[in-house]
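S.K.: Can you look at this prediction? I've put the sequence above it.
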Amino acid sequence: MDNVLLYSIESFPPLRESIQKINALFSAQEVDRSALARVIEADPILYTDILRFANAPQHGFRNPIKSIAQAASMFGLHSIRGMALNAAFKAHPFTDVSPYQISTDEWYKTMGLQQRFLELWLNKQHRPLLQSLGGLTFILEIGRLVASYALMFTDNPYRFTKKTPYELALEEKNIIEVSGDELAAKLFELWNFDPLLVDSLRNSLTPANGKEPRICAAIECGRRLFTLGGVEPFETVIPILNEYNFSVEDAKAAYETLLKE
């Protein structure tokens with residue numbers, strides 16, 4: 001990564017102070033639930049967005065979720081962290097993903113589909129794996145935002161044309177020398193995110209290179225099925241599922257359930 005690109009990452013506007021506090025809580029051996037709730041409740045943007053997401057019809061709760069503590073009990077601490085990250089990026093001063101020829105809403109919709117698929121698929125049989133992702137499932141396409149910032153920083157007017165993850169990563173490397181995922185991973189390193197979260201993002205399309213290949217493979221399935229260009233056939237991920245010893249039937253059931261929602 002050349003000095004200009006590195007400087008563009010270093011100059012990327014920081015996330016809300018609340019996220020730094022949340023990261024600090026998650027760096028402890030055991031997360032303090034009460035402290036986590038207090039941090040989120042003190043930030044109106046995170047608080048409002050998390051409760052909005054928790055009460056979305058897709059979750060099917062009969063009674064409304066009215067507190068962060070209640071949401072944490074229903075979804076788990078790692079999901080709450082992911083919701084907070086998602087909310088923080090929505091409120092970020094830089095939200096331009098136009099170099100990918102999509103709107104911000106389309107970008108968030110893609111990440112929402114990826115997150116929902118992974119939740120439906122992994123929550124029952126592979127819950128520890130889902131928790132290991134540390135909320136990353138909510139922001140799997142964050143590299144597109146960071147790459148857009150790098151383009152703006154370097155006054156590069158390029159518009160990406162590819163939509164599927166592999167083709168897009170190659171196009172990014174041709175234009176800015178590294179993929180958006182690598183840029184985002186570097187940014188998260190600078191922000192002192194968990195090493196496993198950083199590694200999982202960096203290797204989300206190359207599971208064999210990751211510290212936890214099955215985690216990366218699960219992410220790859222979500223990203224390959226739900227792309228910036230739309231929904232891909234389920235058969236796309238069968239080789240990955242077989243290679244990393246996942247149940248094809250479980251993943252397919254989650255995929256089909258999501259398409260019906």
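M.R.: Thanks, I have the structure now.
S.K.: ok, which stretches of the stretch 1-150 of the chain are helices?
M.R.: 3-10, 17-26, 33-41, 44-54, 68-75, 77-90, 104-125, 127-132, 142-153 (DSSP state H, counting those that start in this stretch).
S.K.: what packs against the second one?
M.R.: The elements that helix 17-26 packs onto, with contact taken as 3 or more Cβ pairs under 8 Å, 6 or more residues apart in numbering; DSSP states H and E, are helix 33-41, helix 77-90. Any C-beta I mention is one placed from the backbone N, CA and C, and that applies to glycine too.
S.K.: okay, the first one in CSV with CA atoms only?
M.R.: Output in CSV follows, covering the C-alpha atoms of helix 33-41 (Å, rounded to 0.1, in the frame of the first residue of the first chain):
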residue,chain,number,x,y,z
ARG,A,33,-23.7,-5.9,29.7
SER,A,34,-24.8,-3.0,31.9
ALA,A,35,-21.9,-0.8,30.7
LEU,A,36,-22.7,-1.6,27.1
ALA,A,37,-26.3,-0.6,27.5
ARG,A,38,-25.3,2.6,29.2
VAL,A,39,-22.9,3.6,26.4
ILE,A,40,-25.6,2.9,23.7
GLU,A,41,-28.3,4.7,25.6
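S.K.: Could you check the angle it makes with helix 17-26?
M.R.: 170 degrees (axes from the mean of the first three to the mean of the last three Cα atoms, to 10 degrees).
S.K.: Helix 33-41: how far from the chain's middle?
M.R.: Distance of helix 33-41 from its chain centroid, counting by Cα atoms, centre = their mean, to the nearest Å, is 21 Å.
S.K.: quick revisit: out of the helices of the stretch 1-150 of the chain, the one nearest residue 163 is which?
M.R.: Within those, the stretch nearest residue 163 is helix 104-125; the backing value is 9.7 Å (Cβ to Cβ).
S.K.: Distance from the closest one to the middle of the chain?
M.R.: On Cα atoms, centre = their mean, the centre of helix 104-125 falls 9 Å from the chain's centre.
S.K.: Just the mean pLDDT for that helix, thanks.
M.R.: When pLDDT is averaged along helix 104-125, the result is 95.
S.K.: contact partners of that helix?
M.R.: If you take Cβ atoms under 8 Å, 6 or more residues apart in numbering as the criterion, helix 104-125 is touched by 58, 79, 82, 86, 90, 95-97, 100, 129-130, 133, 137-141, 144-145, 218-219, 221-223, 225-228, 231, 247, 250-251, 253-255, 257-258, 261.
S.K.: mind saving the C-alpha coords of stretch 134-148 as PDB?
M.R.: Coordinates of each C-alpha in stretch 134-148 appear next as PDB, following Å, rounded to 0.1, in the frame of the first residue of the first chain:
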ATOM      1  CA  GLY A 134     -18.200  -9.900  16.400                       C
ATOM      2  CA  GLY A 135     -20.900  -7.900  14.600                       C
ATOM      3  CA  LEU A 136     -19.000  -7.900  11.300                       C
ATOM      4  CA  THR A 137     -22.000  -9.500   9.500                       C
ATOM      5  CA  PHE A 138     -23.800  -6.100   9.600                       C
ATOM      6  CA  ILE A 139     -21.100  -4.300   7.600                       C
ATOM      7  CA  LEU A 140     -19.600  -6.800   5.200                       C
ATOM      8  CA  GLU A 141     -19.500  -4.300   2.300                       C
ATOM      9  CA  ILE A 142     -17.800  -1.600   4.300                       C
ATOM     10  CA  GLY A 143     -14.800  -1.800   2.000                       C
ATOM     11  CA  ARG A 144     -16.800  -0.100  -0.700                       C
ATOM     12  CA  LEU A 145     -17.200   3.000   1.400                       C
ATOM     13  CA  VAL A 146     -13.500   3.100   2.300                       C
ATOM     14  CA  ALA A 147     -12.500   2.600  -1.300                       C
ATOM     15  CA  SER A 148     -14.900   5.400  -2.400                       C
END
